[in-house]
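**Student:** take a look and give me a structure for this.
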Amino acid sequence: MESRTIGNRTVSAIGLGGMPMSIEGRPERERSIDTIHAALDAGVTFIDTADAYHLEAGEVGHNEELIAEALGSYGHDTSHVLVATKGGHLRPGDGSWTLNGDPEYLKEAAKASLARLGGDAIGLYQFHRPDPAVPYADSIGALKDLLDEGVLELAGISNASIAQIDEAHEILGGSLVSVQNQFSPRFLSSRSELEHSAALGLAFLPWSPLGGISNAGELASSHAAFAEVAESRGVSPYQVTLAWELSLAPSVIPIPGASRPASITDSAKAADLQLTPEDIATIEASLVGS
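**Tutor:** Next comes the predicted model:
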């Protein structure tokens, strides 16, 4: 599988988003473990999670624990797998999402995540979402402290504007390695952040790269160009979508969510799907004005 880099780590060009395995509609634990194992079998070496990927208030870190269990039970060496988690976005257990960018909270949350994931340090830790009640610099400062303490190997940010990317870059310098924003054919407004991240040498990690859990199934009908290219290449529209995103910059690493082995196995093939200039032109023309 094609590889890309996040900081000083080499990872697969397609990652696995763990959220669908832990929130509403999540599958049985055994199927989730099988899905993670299928990702590893397909060559995926980058897995994304967060402490907020859970349902009930008492199960914070559900997805982190699931991933740790799957890696531990895989039966092969997984030391090369980079697990990224996030903190600062919470689920009280009533279906809502809340924010907490307080530096002390973030430090406690990161250490709790490390305990769930295991190991000496978190491979990549990202500030999940800006908290309007806390100065952004203060939240990013917590990541710097965690890096200095050795709790984190790498640091990143999520759901960030260009101004916030620049602010985090100024504070963390070369220690900032990634930006994780929503980006897909139906959500193109982060393209400027994608391009800005690429210019700074930061990995850009599109979340919901296929349009989100409830919209991925409508990809082909909503964006005919992807279906057209997929039919001509004999692959799924999902592979074409991910391959198009990979073509936008060498720093892009999509992280499609999955809760079935077949889904991530198909998505992983996008890393080796080379779209022609004509394919890309067809897709780009269809997105003008979207």
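
**Student:** next one: the lowest-mean-pLDDT helix or strand in the chain to chain centre, how far?
**Tutor:** Using mean pLDDT, DSSP states H and E, helix 219-222 stands out as the lowest-scoring helix or strand of the chain, at a mean of 72. Chain-centre distance of helix 219-222: 22 Å, with C-alpha atoms, centre = their mean, to the nearest Å.

**Student:** got it, and stretch 77-92?
**Tutor:** Centroid displacement of stretch 77-92 relative to its chain, using C-alpha atoms, centre = their mean, is 9 Å.

**Student:** can you point out the buried residues in it?
**Tutor:** 81-91 (16 or more other C-beta atoms under 10 Å). Every C-beta, even on glycine, is put in place using the N, C-alpha and C of the backbone.

**Student:** so where's the chain uncertain?
**Tutor:** 213-217, 220, 289-290 (pLDDT under 70).

**Student:** show me the strands in it, by range?
**Tutor:** Assignment of strands within the chain using DSSP state E yields the ranges 3-6, 9-12, 16-17, 46-48, 82-87, 89-90, 98-99, 122-127, 152-158, 176-180, 203-204.

**Student:** so what secondary structure elements neighbour the fifth one?
**Tutor:** I take that to be strand 82-87. strand 46-48, helix 62-72, helix 103-117, strand 122-127, strand 176-180 (3 or more C-beta pairs under 8 Å, 6 or more residues apart in numbering; DSSP states H and E).

**Student:** identify whichever of these lies nearest to Arg29.
**Tutor:** When these are compared by C-beta to C-beta, helix 62-72 sits nearest Arg29, at 7.0 Å.

**Student:** still on that earlier bit, could you dump the helices and strands packed on strand 82-87 to a markdown table with mean neighbour count and distance to Ser232?
**Tutor:** Output for the helices and strands packed on strand 82-87, formatted as a markdown table (neighbours: other C-beta atoms under 10 Å; distance: least, C-beta to C-beta, whole Å):
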| stretch | mean neighbour count | distance to Ser232 |
| --- | --- | --- |
| strand 46-48 | 27 | 29 |
| helix 62-72 | 21 | 36 |
| helix 103-117 | 19 | 42 |
| strand 122-127 | 25 | 36 |
| strand 176-180 | 25 | 32 |
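
**Student:** and these as CSV, adding distance to Leu242?
**Tutor:** Output for those, formatted as CSV (distance: least, C-beta to C-beta, whole Å):
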stretch, distance to Leu242
strand 46-48, 13
helix 62-72, 21
helix 103-117, 26
strand 122-127, 20
strand 176-180, 16
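
**Student:** and of these, who's closest to Asp138?
**Tutor:** Closest approach to Asp138 among the helices and strands packed on strand 82-87 is made by helix 103-117 (5.3 Å; C-beta to C-beta).

**Student:** what's the closest one packed up against?
**Tutor:** Judged by 3+ C-beta pairs under 8 Å, 6+ apart, the packing partners of helix 103-117 are helix 62-72, strand 82-87, strand 122-127, helix 136-149.

**Student:** what is the longest one packed up against?
**Tutor:** It stands for helix 136-149. Counting contacts by 3+ C-beta pairs under 8 Å, 6+ apart, helix 136-149 packs against helix 103-117, strand 122-127, strand 152-158, helix 162-172.

**Student:** please redo it, this time with the cut-off set to 10 Å
**Tutor:** Helices and strands touching helix 136-149, as assessed by 3 or more C-beta pairs under 10 Å, 6 or more residues apart in numbering; DSSP states H and E, comprise strand 82-87, helix 103-117, strand 122-127, strand 152-158, helix 162-172, strand 176-180.

**Student:** quick one: strands adjacent to the third one?
**Tutor:** By that I understand strand 122-127. Paired strands of strand 122-127, with direction, are strand 82-87 (parallel), strand 152-158 (parallel) (DSSP bridges).

**Student:** which parts of the longest one are buried?
**Tutor:** Of the residues in strand 152-158, 152-158 count as buried by neighbour count, 16+ other C-beta under 10 Å.

**Student:** repeat that for stretch 130-138.
**Tutor:** By neighbour count with 16+ other C-beta under 10 Å, stretch 130-138 contains the buried residues 130-131, 134, 136.
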